[in-house]
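A.B. asks: Test case, fold it:
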Amino acid sequence: MAQKTPTTQYVCSECGYATPKWLGKCPACEAFNTMQEETVRPAEPLKNAVYRPQNANKAQPLSTVSFEKYDRVSSGISEFDVVLGGGVVRGSLVLLGGDPGIGKSTLLTQVSAHLSKSNKTLYVSAEESCSQVKMRCDRLGLNGDLLLLNETCLEDIEENLSGVEFVVIDSIQAVYTQTLSSAAGSVGQVRECAAKLMRIAKSSGITFFIIGHVTKEGSIAGPKVLEHIMDTVLYFEGQQEDNFKLLRAVKYRFGSVQEVGVFEMTESGVKSLDEHGDLFLSDTRGIAAGSCVTPSESGNRCMCVELQTLISKTPFGMPRRMSLGLDYNKLVLLIAVLEKRCGVPFFNSDVYINAMGGIRLNEPSVDLAVCAALTSAAFDTPIEKQTAVFGEVGLTGEVRPVSYAEKRVVECIKRGFQKVILPKKNLKSCEKYQDKIELIPVQYVNQMIKALNLRAPLNP
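C.D. replies: Numbers count the residues shown, from 1 in each chain. From the prediction side, this is the model:
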């Protein structure tokens with residue numbers, strides 16, 4: 001039989017879509033200039049095929065499946081454990097992404113050094129020499145029995161996994177497998193290396209921490225298949241010049257993905273900020289107009305975050321809208337609600353809004369606080385410093401109830417707030433705190449504006 005010759009195909013680096021010819025636009029994810037050429041080698045036929053017995057693996061009822069309790073190990077960094085739901089799950093794959101220089105290697109070096117004190121841990125540096133990793137450990141003051149390996153070939157890395165419990169791969173884009181002829185970092189190499197690491201982790205119980213590069217859009221480089229294989233996908237966020245960084249989980253098979261970890265970059269490495277209640281608040285709120293505080297729920301914790309807005313007259317025909325930390329489309333929607341239902345003018349003004357501390361607020365409970373901050377800036381009237389606002393806003397101007405209302409009120413009491421404006425339907429669950437804080441229920445956005453004494457708006 002004639003041996004089949006290798007063929008080529010083009011694979012999308014964003015979603016993994018394959019096609020025999022090059023395309024400028026991916027038909028699956030509609031991304032431009034993402035098709036990369038790959039060599040496809042036909043699978044070799046099995047010479048001695050081994051047939052599995054018919055009863056090798058059978059379906060079983062759910063009631064007969066035994067419950068497996070996941071063993072969690074502390075990473076030595078409290079905020080890292082919070083994002084992972086209490087600790088690292090053995091035998092899992094954790095993918096960590098972030099901008100260059102954000103501190104990914106520093107964070108995982110500290111984690112691996114702590115784990116090496118009681119577990120056999122291997123740090124595979126595919127982009128740095130062992131002496132460079134040693135230099136970083138000395139700078140951070142780390143000690144332990146950490147094993148270092150400077151290797152890019154996955155097969156050679158696999159030979160060093162005997163007895164190892166935790167492995168750090170830095171990074172997946174620099175590792176290649178000999179079974180493929182394409183260069184390291186290509187779509188096929190990244191996908192195949194991740195799949196092999198997954199098989200090793202599930203069969204041997206080794207926990208892998210994998211560092212992934214990100215694209216200019218902020219997503220992890222490589223096809224989405226890479227993230228689907230992982231048990232946990234984390235993003236390390238923040239500006240390089242800022243001392244404060246945020247770690248959030250966008251995928252977690254063993255718990256909630258709503259947790260957010262707050263870290264501070266110091267000379268001795270990444271440190272957890274266990275008490276960061278005032279990190280997202282400014283001391284000057286209540287003096288200038290356009291500032292409002294809202295309690296935001298993130299997983300098992302609640303944080304008071306300050307929203308700051310700036311409104312200025314524009315000489316152009318098309319006013320500008322800019323949002324940092326909030327959804328842009330939601331901002332435009334709330335501006336339309338304020339103009340139509342409450343008579344607050346924005347048609348000739350540029351609108352800017354920012355969530356303090358670089359945090360992202362995606363839950364609908366921040367809608368009412370956004371409306372309060374925008375109205376305060378539009379009428380140049382400050383909101384009292386010890387006042388917090390939360391609630392979802394509908395297109396009719398109605399304030400809808402939100403989840404975890406009681407927990408939000410408790411957080412406001414803890415931070416010393418004296419007044420909370422909340423949806424009317426959430427008042428019943430929070431009535432027991434009326435002796436500690438003033439609760440002001442509202443049903444429409446214009447009632448919230450009246451309660452803050454910003455201006456008497458039009459009727460809904």
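
A.B. asks: quick one, helices of the stretch 301-450 of the chain?
C.D. replies: Under the criterion DSSP state H, counting those that start in this stretch, helices of the stretch 301-450 of the chain are mapped to 328-342, 367-378, 405-414, 427-430, 445-451.

A.B. asks: same for the first one, what does it pack against?
C.D. replies: If you count contacts as 3 or more C-beta pairs under 8 Å, 6 or more residues apart in numbering; DSSP states H and E, helix 328-342 packs onto strand 321-324, strand 349-355, helix 367-378, helix 445-451. Where you see a C-beta, it was placed from the backbone N, CA and C, and this is true even at glycine.

A.B. asks: repeat that for 10 Å
C.D. replies: strand 321-324, strand 349-355, helix 367-378, strand 392-393, helix 445-451 (3 or more C-beta pairs under 10 Å, 6 or more residues apart in numbering; DSSP states H and E).

A.B. asks: for the fourth one, same thing?
C.D. replies: Contact partners of helix 427-430 among helices and strands, from 3+ C-beta pairs under 10 Å, 6+ apart: helix 405-414, strand 419-423, strand 438-442.

A.B. asks: what does that helix contact?
C.D. replies: 401, 404-410, 420, 422, 434, 437, 439-442 (C-beta atoms under 10 Å, 6 or more residues apart in numbering).

A.B. asks: what about the stretch 151-300 of the chain, any weak spots by pLDDT?
C.D. replies: Residues of the stretch 151-300 of the chain that meet the criterion pLDDT under 70 lie in 216-218, 221-223, 239-242, 276-277, 299-300.

A.B. asks: cool, and the stretch 351-460 of the chain?
C.D. replies: 455-460.

A.B. asks: Report the buried members of the contacts of helix 427-430.
C.D. replies: 401, 404-405, 407-410, 420, 422, 437, 439-442 (16 or more other C-beta atoms under 10 Å).

A.B. asks: that older thread, in JSON lines: the helices and strands packed on helix 427-430, plus distance to Arg72.
C.D. replies: What follows is the helices and strands packed on helix 427-430, written out as JSON lines (distance: least, C-beta to C-beta, whole Å):
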{"stretch": "helix 405-414", "distance to Arg72": "24"}
{"stretch": "strand 419-423", "distance to Arg72": "36"}
{"stretch": "strand 438-442", "distance to Arg72": "39"}
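
A.B. asks: Okay, buried residues for the biggest strand by length in the chain please.
C.D. replies: The longest strand of the chain (DSSP state E) is strand 301-313. For strand 301-313, burial by neighbour count (16+ other C-beta under 10 Å) applies to Cys302, Met303, Cys304, Val305, Glu306, Leu307, Gln308, Thr309, Leu310, Ile311.

A.B. asks: which one is the second one nearest to, not counting chain neighbours?
C.D. replies: To tie it back to what came earlier, the one meant is Met303. Ser296 (5.6 Å; C-beta to C-beta, 6 or more residues apart in numbering).

A.B. asks: Then the one you found would be within a strand, right?
C.D. replies: Yes: according to DSSP: H, G, I helix; E, B strand; the rest coil, Ser296 belongs to a strand.

A.B. asks: so what's it up against?
C.D. replies: By C-beta under 10 Å, 6+ apart, the neighbours of Ser296 are 260, 280, 302-305, 307, 355, 359-363, 365-366, 369, 390, 404, 408, 411.

A.B. asks: give me that answer again for 7 Å
C.D. replies: Each residue near Ser296 by C-beta atoms under 7 Å, 6 or more residues apart in numbering is listed here: Cys302, Met303, Val305, Leu361, Glu363, Ser365, Val366.

A.B. asks: just Val82 next, same as before
C.D. replies: So Val82 contacts Glu259, Gly261 (C-beta under 7 Å, 6+ apart).

A.B. asks: Could you list the buried residues of the host helix or strand of it?
C.D. replies: If you go by DSSP states H and E, Val82 is part of helix 78-83. Residues Glu79, Phe80, Asp81, Val82, Val83 are the ones in helix 78-83 that count as buried (16+ other C-beta under 10 Å).

A.B. asks: Give me the secondary structure label for Glu192.
C.D. replies: helix.

A.B. asks: Isn't it up against Leu180?
C.D. replies: Yes: at 5.8 Å, Glu192 and Leu180 qualify as touching, with contact defined as C-beta atoms under 7 Å.

A.B. asks: State whether Ser162 is indeed within a strand.
C.D. replies: No: counting by three-state DSSP, Ser162 falls outside a strand, being coil.

A.B. asks: How many residues are close by the residue lying closest to Lys385 once chain neighbours are set aside?
C.D. replies: Once flanking residues are discounted, Lys385 sits nearest to Gly286: 2.9 Å by C-beta to C-beta, 6+ apart. For Gly286, the neighbour count with other C-beta atoms under 10 Å is 15.

A.B. asks: What values do phi and psi take at Gly286?
C.D. replies: phi 90, psi -10 (degrees, to the nearest 10).

A.B. asks: Same question for Lys25.
C.D. replies: phi -130, psi 130.

A.B. asks: Just give me the neighbour total for the closest residue to it other than its chain neighbours.
C.D. replies: Using C-beta to C-beta, 6+ apart and skipping the chain neighbours, the partner closest in space to Lys25 is Phe32 (5.3 Å). Counted with other C-beta under 10 Å, residues neighbouring Phe32 total 10.

A.B. asks: cool, and Leu281?
C.D. replies: Count around Leu281 with other C-beta under 10 Å applied: 17.

A.B. asks: what sits opposite the nearest residue to Leu84 once chain neighbours are set aside in the beta ladder?
C.D. replies: With sequence-adjacent residues excluded and distances taken as C-beta to C-beta, 6+ apart, Leu84 is closest to Thr232, at 6.9 Å. In this structure, Thr232 bridges to Val94, Tyr252 when assessed by DSSP bridges.

A.B. asks: circling back: now the residue nearest to Lys25, what are its backbone angles?
C.D. replies: The phi/psi pair for Phe32 (degrees, to the nearest 10) is phi -100, psi 140.

A.B. asks: same question, Ile169
C.D. replies: The phi/psi pair for Ile169 (degrees, to the nearest 10) is phi -110, psi 120.

A.B. asks: so it touches Ile210, yeah?
C.D. replies: Yes: between Ile169 and Ile210 there is a contact under C-beta under 7 Å: 4.7 Å.

A.B. asks: about what we covered before: so what's the model's average confidence on the helix holding Val82?
C.D. replies: For helix 78-83, mean pLDDT rounds to 90.

A.B. asks: Which SSE is immediately downstream of it?
C.D. replies: Next element after helix 78-83 (DSSP H and E): strand 88-89.
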